[in-house]
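>>> fold the following.
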Amino acid sequence: MKDPATPPGDPNITCALPASRLEAFTVQGKRPHRAAAPRTPEELSQLLQTAQREHWAVVPFGSGSRQDLGNPPKRFDLALATTRLDRIPEYEPQDLVVRVESGCRLARLQELLAADRLCLPVVPSAYRQTTLGGMVAANASGPDRYGHGTLRDYLLGVGVIQADGTQTRFGSRVVKNVTGYDMCKLYAGSFGTLGVFYDFYFKLKPLPPMEKTVVGLFRKLPPVRRALSKLLRSPLVPTALELLDGNASRRLDRKLDWSGKIAGYALAVKFGDLEAAVNWQVKELKEIWSSCLDGDMLVSDAREQARLWDGLREDHFCMAEPPLESVKLKVGILPDQLVQWIEEMEKHLSGIEAPFFLRAHAGSGVIRVYCHLDPATAQAGRLAGLIERWRSLLNAVRGSVVIESGPATLKNRVDAWGYRYKDLKLMRQIKNRLDPREILNPGRFVV
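Model (predicted):
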């Protein structure tokens, strides 16, 4: 007898999930016709061979924490869950290398590594839920990207099943393994459109012996510009550098129960190193910022640091409560234009007539914009027009505005990616070569 998840006339899927679980795999309002959770790369390969033969549209699915990213799928025949591929087959602490399957959660990996005072120093939002496969597919990162880089920088090897079911591996467990094109970097950030991951090799880093954070407080933006300039020209080496506008900083203050300690613009700078190095950098930062600040806080207690950076990493405190709808945008610009763009954005967003919050990886040129839209108004249309305006302005510096999450009323008006650059043709050629029948995440990514 066929599994109840398999519609009549379908080929038998040995790793099919019951129909009662299909609702959990809904992506932006679209529910799959079937779902499966392979336990081995071989099962995954067989599943994709079947999908290729039947021309099923496949959406790879980890924890689901990043499924709001991108456009809705054009078709959705099969949800391919990777959560049973969750082993850690190889771990060599002395070599600073780990091999981990794609469905393993980051939190579980970090717990294992922490016992040896090691870490994968890339901690994005939804840290406790996210799987390694979802992270690599989105090239996700968090506040520590300033000091440690993105996930691409730690990816040594990738095991991937191609759209036709072919099992392929790129890279290896050693750091110096690339003599030609680095295929790992091609697959990282491909959003599941070029193949389905089954495992990875990552290089690791030691946990810092000590961490401290200085939170600089500013009433206006011009002192923020001066403070950033002084910091970035200094010999200091922060691991994270986060900026909040007044709306976001007040919300974070309430989340932390800090009773008004954070107000106005806030610039959080984290240092991680040996104790003497951290203490020297904190002292030096306060000296070079002495003429810019309206106030500052030093966060050195480990629990308070964890709470602060949990808040700075996650989105929850900036998201809307129903009936309002949340929109999250990721704006990529040149780092030296960050304060200028925040100033412009605040002016532009006031015309939307909706609450908004701005956060930024201040040293990396990444701004996240959160808007709370009232579905009973024309706010979605006004925001769509503003997104197109920003994309036109940023085109000259190869900037970007990506809709990371938002309601259908917005995504029906404007593409989630808005990618307009010359390499779009090359991206289409790669997609056509690796997935000619367009069965992997069709319509969801740039190509």
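>>> name the element the residue nearest the centre of the chain belongs to?
Centroid-nearest residue in the chain: A140, 3.1 Å away (criterion: CA atoms, centre = their mean). Under the criterion DSSP states H and E, no helix or strand holds A140.
>>> wait, isn't it in contact with P124?
Yes: between A140 and P124 there is a contact under CB atoms under 8 Å: 3.8 Å. Heads up, the C-betas are built off the backbone N, CA and C, glycines and all.
>>> okay, now the unreliable bits of the stretch 151-300 of the chain?
Along the stretch 151-300 of the chain, the parts satisfying pLDDT under 70 run over 174-181.
>>> can you map out the helices along it?
183-187, 221-232, 246-256, 275-288 (DSSP state H, counting those that start in this stretch).
>>> any idea how far A378 is from S326?
As judged by CB to CB, to the nearest Å, A378 and S326 stand 18 Å apart.
>>> okay, those two: which has more neighbours?
Set side by side, A378 and S326 show more neighbours around S326, with 18 against 12, by other CB atoms under 10 Å.
>>> doesn't that one belong to a strand?
Yes: if the criterion is DSSP: H, G, I helix; E, B strand; the rest coil, then S326 is within a strand.
>>> per-domain residue ranges of the protein.
According to automatic domain parsing, the chain comprises the domains 19-81, 91-206, 210-313, 319-411.
>>> residues contacting the residue nearest to the centre of the chain?
Listed by CB atoms under 8 Å, 6 or more residues apart in numbering, the contact set of A140 reads 66, 122, 124-125, 130, 134, 151.
>>> right, and the helices of the stretch 151-300 of the chain - which one's nearest T193?
Set against T193 and scored by CB to CB, the helices of the stretch 151-300 of the chain come closest in helix 183-187, at 9.8 Å.
>>> which residues touch the closest one?
136, 152, 155-158, 160, 170-171, 194-195, 197, 430.
>>> and those, which is closest to N12?
Among those, G195 lies closest to N12 (CB to CB), at 24.1 Å.
>>> skipping its backbone neighbours, what lies nearest that closest one in space?
Take G195 and drop its neighbours on the chain: the residue closest to it by CB to CB, 6 or more residues apart in numbering is V160, 3.9 Å away.
>>> Y198 versus the one you found, what's the distance?
V160 is 7 Å from Y198, where distance means CB to CB.
>>> just to revisit the earlier point, quick check: neighbours shared by A140 and P124?
T130.
>>> residues in contact with the nearest residue to F200 once chain neighbours are set aside?
Leaving out its chain neighbours, the residue that sits closest to F200 by CB to CB, 6+ apart is V158, at 5.5 Å. The contact partners of V158, taken as CB under 8 Å, 6+ apart, are 136, 169-171, 183-184, 187-188, 197, 199-201.
>>> highest neighbour count among those residues?
Neighbour max across these (other CB under 10 Å) = F197, 29 neighbours.
>>> count of neighbours near the residue nearest to that one when sequence neighbours are not counted?
Take F197 and drop its neighbours on the chain: the residue closest to it by CB to CB, 6+ apart is S102, 4.1 Å away. Neighbour count for S102, taken as other CB under 10 Å: 27.
>>> need the contact list for S102.
Residues near S102 by CB under 8 Å, 6+ apart: 62, 82, 85, 131-133, 136, 196-200.
>>> need those in CSV with distance to P38, can you?
Below are those laid out as CSV (distance: CB to CB, whole Å):
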residue, distance to P38
G62, 13
T82, 8
L85, 7
T131, 14
L132, 16
G133, 12
V136, 18
V196, 9
F197, 12
Y198, 9
D199, 13
F200, 17
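>>> which of those residues sits closest to D374?
Distance to D374, by CB to CB, is smallest for G62 among the contacts of S102, at 32.3 Å.
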